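S.K.: Fold the following, please.
(2 chains)
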2 protein chains.
Amino acid sequence: MKIYRVNMTEGKVTTEDVKQDYVALGGRGLTSQIIADEVDPTCNPIGAKNKLVIAPGLLSGTNAPSSGRLSVGTKSPLTGTIKESNAGGTAAQKLAKLNVKAIVVEGKPEDNKFYTMTVNKDGIKLEDVSDNLLGKGNYEVMEKVQEELGEDVCVMSIGQAGEYKLQSASIAVSDPEGRPTRHCGRGGTGAVMGSKGLKTIVIDDTDAPGVSIVDKDKFKKSARGLAKALLDHPVCGEGLPEYGTSILINILNESGGLPTKNFRTGRFEGADKISGETIADVIKERGGQTAHVCHPGCVMRCSQIYNDKDGNYLTGGFEYETVWGFGANSEIDDIDAIAMMDRICDDIGVDTIEMSTTIAVAMEAGIIEFGDAEGAIDLLKQIGEGTPLGRIIGNGTGFTGKAFGLTRVPVVKNQSIPAYDPRAVKGVAVTYATSTMGADHTAGYAVTANILGIGGDVDPLSKEGQVALSRDLQIATAAVDSTGLCVFAAFAILDNEVALPAVVDMLNAQYGIELVADDVTKLGESILKAERDFNVRAGFDNSDDRLPDFFLEEECSPHNVKFDITDEELDEVYNF
Amino acid sequence: MKIYRVNMTEGKVTTEDVKQDYVALGGRGLTSQIIADEVDPTCNPIGAKNKLVIAPGLLSGTNAPSSGRLSVGTKSPLTGTIKESNAGGTAAQKLAKLNVKAIVVEGKPEDNKFYTMTVNKDGIKLEDVSDNLLGKGNYEVMEKVQEELGEDVCVMSIGQAGEYKLQSASIAVSDPEGRPTRHCGRGGTGAVMGSKGLKTIVIDDTDAPGVSIVDKDKFKKSARGLAKALLDHPVCGEGLPEYGTSILINILNESGGLPTKNFRTGRFEGADKISGETIADVIKERGGQTAHVCHPGCVMRCSQIYNDKDGNYLTGGFEYETVWGFGANSEIDDIDAIAMMDRICDDIGVDTIEMSTTIAVAMEAGIIEFGDAEGAIDLLKQIGEGTPLGRIIGNGTGFTGKAFGLTRVPVVKNQSIPAYDPRAVKGVAVTYATSTMGADHTAGYAVTANILGIGGDVDPLSKEGQVALSRDLQIATAAVDSTGLCVFAAFAILDNEVALPAVVDMLNAQYGIELVADDVTKLGESILKAERDFNVRAGFDNSDDRLPDFFLEEECSPHNVKFDITDEELDEVYNF
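M.R.: Okay, the predicted model is just below:
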């Protein structure tokens, strides 16, 4: 394994051995540690001093099920905190097979040009693509690259939003069909990539050496054990492949935690029209695909391919949070329009969560009416066009709230709050408030015990037990995000006692080490501490771990609950 | 004396006695202490929890020369720090004569209506003006109010920018001619006033009781002593009345510290065309007025009335920083165009410093070309029109930099750096970095000893002695800002040993107390500490007391100097 260091100021690539401290780290554990070790926490995120670190997980590139997740780390332009943004697609597996532990992108070209970085068995090279790829959306970029280099390469790219260095810009990662449906979405990683003058990263694993495994038999057995645990789980093995993540629309609506009309209520009248069940029906009718994988070897297969009315491909990676945000939260119940918004975001390269909450805030500001699907599509298109309004929208929810002088703006650390109302799903609200990443449901997905009955049962409307639940999940998630496993694998880990030992055994078998289950907790804790320490050095303190006032002041129907977990209770999350 | 508390949520006014702790405070000392005591430092600046405190200085309303400055305090929407924004005009004297120690505006109307607050001898009343004044610029607003209530009332008002709650929105204060040429400019106080639903504050001192003075003879004698010290001073008594503050254009250009083309160099080719000498000639030619007072009783008379080519009034309160920012820093050498920009800013109600640095950043982004006066005028007009681009510009320099993905953005704590290059005038750069207010030259105007030879001589290009110089000036300024005296009075205090005792004697004579000169320092220190403590509680720390990287990395010609005062040295400012 090796670490590539790519200096964009000088256009120079160097190769480094993996230092001892980093050997046992992968994915988020590695990206966060390198950022914490090397980046000045007070630097300008789009300046030369920031770095972009790309790392596959510890198990990526192996046959471990659902282990192809990629981590991208940086100091976030959106939040100012450390950031790990996690995506599926084919990059992680290819990088791991090329024995790339991490790529560290540094500096900033002084010529304002844009480059492509090609990673293959011979190393890394940079090439100026200012003339042929600049200004193009991710769909066209990926097509062009694949026309030239074949369909098997993986492409990571930024759309126009990343070129403009907008704070919600994502990095697209091509899915198994070579489409830009998978994104390091949150926190503006695409703006950092843009600031480095990188339009694309092309990963070609032809003749790659592959991942070496110390004890292959043990590995295979453990991998099978995890696969079975995943397939046996009602959510991982049935709900997700059947309906995709949008299965959550009806569940959250029923629970009264589906934020509607910019977080005014917890139920949406049009929920049925945008539910996972409806989407699955539409997909089947039109010859699309449910149970699609975001990366080869995923057994949960929650991805989907969504066709338009004429049966032609429209979008993929069409997730619950996207459907919620452009749907319920914007009071739009036209699922085709929402699918179009998803496609536009994928193409321009912006985070669908941040964009959908921003659209709702633009509606709150009166720019367009709630429910205006055509207006929302127009606003999203303006991001790619670089109009002033597009730049406001593309800089996210907090920025748009400031542009229009609003106070009902759902952000924590300037990152928008996703698809679970903080008042009606209080466990995930603790995660929103305290995560090292700004508001982020995946950082400690307490929807599990609050709503899904996974890993126990905690009353979502009560504050009882929520801090401990969020803390434990945040620790576990930091560890899972280091393995390359999809965060949904945690569902099986929480409910099936076979799953965690299987993960530990795979790590031991692959690396010839002797971890025990407790080491996973220790790893998670040490990652969170490194991230939190970075944020403290960047100037953050407990007073940043708070929800916006309106969640404490306005009741959320139908349960008429406010957020009532105190500041002191929130500050207990980091007592470990 | 009394304190009025105006609750805008309930539309209720209450009157309070001045509590013992506040008796010896006025101006900035009082506004900052009330904000520190009453406002949650982490609150949303445009939310109901923030407050707006208006206070005349300790000497305002008396015959003390140049003592009519007003302080407005709040948590700043622009910086997130505590803020005192200081203006001339006739408000402070009238409030003091009405025996108003302070007005504390709280809450936020729930009906989104806009009100006028009338302050007179009978108290305070609120009236809905949503139908007649909303959407109008400050010139029209002041005219309308004076048509109704007479020319002698003072009007404080917000333009469209304050209604939109833009972060550079100012509060206009009418000058002796009743025009909106005086502004609490910096930090977005106008957005807070707008968020409180206040369009205007009308102050009518008809039949006011006036300021009571314990020892009138002693007061008169000391006032004469200060007046003489001011008139004897070459800057206060000659330079300022003759040429206005723009006398600094040639001085700074000569010294190589006149930031040009968004802080690229320290000299502007077109300096002569926009110099104070040129402006004074133009004013005289066209029948305008030099040596104008911003408030009655000022002996320095640095204000001016600037007429257009046809001899009609164009603008007033046309200051050095405005001329610099729209001029040299934007590479515009057309003084009439710059005067038009000043007028537009006064009318829409935005800070001319923040706006002029924002225009230069918009030029850096390529929105318009450097030197494009017509383009700049159009951008400013768009603020009033509320276009998306206008909202970007109106939210200031940092916001505009983020909208367009730039890194050469001259701000500290998100407030823009004014008219003295930090590399070539290092003393004032220490103030920019460390002031409790964000980048602010008036908070510790080290241009004195660095450039003007006032209060000593400190090499502006060397870091030697700059921290101590800035610290001493920041302390002294906090005290001066509490008296209602113009900050320029400090020039005489620094150079003439009669001046400070005269100020102390006036305070003693007015209030029947026994201060000594050391108490002035103690007052200044305690104000800075209260402000700094507020900022710490708001989440600020030493790492926020920094200049943008480009001042440390790029040399400023003609002296080819970088900013080289270390972080550790900057952190010494608060060691007192």
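S.K.: Show me the residue at the heart of chain A, geometrically.
M.R.: In chain A, the centroid-proximal residue (C-alpha atoms, centre = their mean) is residue A:86; its distance is 4.3 Å.
S.K.: correct me, but it touches residue A:440?
M.R.: No: Residue A:86 is beyond contact range of residue A:440, at 10.1 Å (criterion: C-beta atoms under 8 Å). Where you see a C-beta, it was placed from the backbone N, CA and C, and this is true even at glycine.
S.K.: circling back to that earlier point, helix/strand/coil for the residue nearest to the centre of chain A?
M.R.: What DSSP: H, G, I helix; E, B strand; the rest coil gives for residue A:86 is strand.
S.K.: Would you quantify the distance from it to chain B?
M.R.: Separation of residue A:86 from chain B (C-beta to the nearest C-beta, to the nearest Å): 24 Å.
S.K.: how about stretch A:236-255 as CSV, C-alpha atoms only?
M.R.: Extracted C-alpha coordinates of stretch A:236-255, given in CSV (Å, rounded to 0.1, in the frame of the first residue of the first chain):
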residue,chain,number,x,y,z
CYS,A,236,-31.0,-4.6,4.8
GLY,A,237,-32.2,-7.8,3.1
GLU,A,238,-35.8,-6.9,2.2
GLY,A,239,-36.9,-3.3,2.7
LEU,A,240,-33.9,-1.7,1.0
PRO,A,241,-33.7,-3.8,-2.1
GLU,A,242,-37.4,-3.9,-2.6
TYR,A,243,-38.2,-0.2,-2.1
GLY,A,244,-34.9,1.6,-1.9
THR,A,245,-34.2,4.2,0.9
SER,A,246,-37.5,6.0,0.1
ILE,A,247,-39.2,3.3,2.0
LEU,A,248,-38.7,5.8,4.8
ILE,A,249,-41.2,8.3,3.4
ASN,A,250,-44.2,6.4,4.6
ILE,A,251,-42.5,5.4,7.8
LEU,A,252,-41.4,8.9,8.8
ASN,A,253,-44.7,10.4,7.7
GLU,A,254,-46.5,7.9,9.8
SER,A,255,-44.3,8.7,12.8
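S.K.: so how far is chain B from the residue in chain A sticking out farthest from the centre?
M.R.: Distance to the chain centre peaks in chain A at residue A:217, reaching 32.7 Å (criterion: C-alpha atoms, centre = their mean). Distance of residue A:217 to chain B, given as C-beta to the nearest C-beta: 52 Å.
S.K.: State the helix or strand in which that residue lies.
M.R.: Taking DSSP states H and E as the definition, one finds residue A:217 inside helix A:216-232.
S.K.: After that helix, which helix or strand is next?
M.R.: Per DSSP H and E, the first helix or strand lying C-terminal to helix A:216-232 is helix A:240-243.
S.K.: That next one: how far from the chain's middle?
M.R.: Offset of helix A:240-243 from its chain centre (C-alpha atoms, centre = their mean, to the nearest Å): 19 Å.
S.K.: Next: stretch A:346-359.
M.R.: 12 Å.
S.K.: how long is that stretch from one end to the other?
M.R.: With C-alpha to C-alpha, to the nearest Å as the measure, stretch A:346-359 spans 16 Å from end to end.
S.K.: Now do the spatially closest residue to residue A:266 that is not a sequence neighbour: how many residues are near it, please.
M.R.: Excluding the flanking residues, the one nearest residue A:266 by C-beta to C-beta, 6 or more residues apart in numbering or on different chains is residue A:256, at 4.0 Å. Close neighbours of residue A:256, defined as other C-beta atoms under 10 Å in any protein chain shown, add up to 21.
S.K.: in terms of contact, does residue A:256 touch residue A:560 like I think?
M.R.: No: counting by C-beta under 8 Å, no contact exists between residue A:256 and residue A:560, whose distance comes to 9.4 Å.
S.K.: between those two, what contacts are shared?
M.R.: Among the neighbours of residue A:256, none is also in contact with residue A:560 (C-beta atoms under 8 Å, 6 or more residues apart in numbering or on different chains).
S.K.: Contact residues of chain A facing chain B?
M.R.: With C-beta under 8 Å from any C-beta of the partner chain as the criterion, chain A meets chain B at residues A:41-44, A:46-47, A:49, A:164-167, A:191, A:194-195, A:387-389, A:391-392, A:395, A:399, A:402-405, A:407, A:537-541, A:543-544, A:546, A:548-549.
S.K.: List buried residues within those.
M.R.: For those, a burial check counting by 16 or more other C-beta atoms under 10 Å in any protein chain shown picks out A:41-42, A:44, A:46-47, A:49, A:164-167, A:191, A:194-195, A:387-389, A:391-392, A:395, A:399, A:402-405, A:407, A:537-541, A:544, A:546, A:548-549.
S.K.: Most proximal residue of the stretch 351-500 of chain A with respect to chain B?
M.R.: With C-beta to the nearest C-beta, the shortest gap between the stretch 351-500 of chain A and chain B falls at residue A:405, namely 3.0 Å.
S.K.: Wait, that residue touches residue B:166, no?
M.R.: Yes: under the criterion of C-beta under 8 Å, residue A:405 makes contact with residue B:166 at 7.0 Å.
S.K.: Quickly list what's touching both of the two.
M.R.: Common contacts of residue A:405 and residue B:166 (C-beta under 8 Å, 6+ apart): residue B:191.
S.K.: can you give me the strands in the stretch 251-400 of chain A?
M.R.: For the stretch 251-400 of chain A, the strands defined by DSSP state E, counting those that start in this stretch cover A:289-292, A:303-307, A:313-316.
S.K.: right, and the ones you listed - which one's nearest residue A:487?
M.R.: strand A:303-307 (14.1 Å; C-beta to C-beta).
S.K.: Where is the longest helix in chain A?
M.R.: helix A:517-537 (DSSP state H).
S.K.: Show me what counts as buried in it.
M.R.: For helix A:517-537, burial by neighbour count (16+ other C-beta under 10 Å) applies to A:519-521, A:523-532, A:534-535, A:537.
S.K.: ok, now stretch A:139-158?
M.R.: A:139, A:141-146, A:153-158.
S.K.: Ramachandran coordinates for residue A:477?
M.R.: Per-residue torsions, residue A:477: phi -70, psi -40 (degrees, to the nearest 10).
S.K.: my read: it touches residue A:448, true?
M.R.: No: look at residue A:477 against residue A:448 with C-beta under 8 Å: they stay out of range, at 10.8 Å.
S.K.: Which single residue of the stretch 51-200 of chain A approaches chain B most closely?
M.R.: Proximity of the stretch 51-200 of chain A to chain B (C-beta to the nearest C-beta) peaks at residue A:165, 2.9 Å away.
S.K.: now that residue, nearest residue through space, not along the chain?
M.R.: Spatial nearest neighbour of residue A:165, excluding adjacent residues (C-beta to C-beta, 6+ apart): residue B:405 at 2.9 Å.
S.K.: Any idea how many residues pack against the nearest residue to residue A:117 once chain neighbours are set aside?
M.R.: Distances taken as C-beta to C-beta, 6+ apart place residue A:201 nearest to residue A:117, at 4.7 Å, with adjacent residues excluded. Residue A:201 sits with 26 neighbouring residues when counted by other C-beta under 10 Å.
S.K.: phi, psi of residue A:201?
M.R.: Torsion angles, degrees, to the nearest 10, at residue A:201: phi -120, psi 120.
S.K.: go on, the one 5 residues further on?
M.R.: Reported as degrees, to the nearest 10, the phi and psi values for residue A:206 are phi -60, psi 130.
S.K.: hang on, it packs against residue A:122?
M.R.: No: if you go by C-beta under 8 Å, residue A:206 and residue A:122 don't touch, sitting 10.2 Å apart.
S.K.: of the two, who's got more company?
M.R.: The neighbour comparison of residue A:206 against residue A:122 (other C-beta under 10 Å) goes to residue A:206, with 13 against 10.
S.K.: Quick one: residues contacting that one.
M.R.: By C-beta under 8 Å, 6+ apart, the neighbours of residue A:206 are A:120-121, A:152.
S.K.: how many neighbours does the closest residue to residue A:61 other than its chain neighbours have?
M.R.: With C-beta to C-beta, 6+ apart as the criterion, residue A:61 has its nearest non-adjacent residue at 2.8 Å, and that residue is residue A:96. The local packing of residue A:96 (other C-beta under 10 Å) involves 28 other residues.
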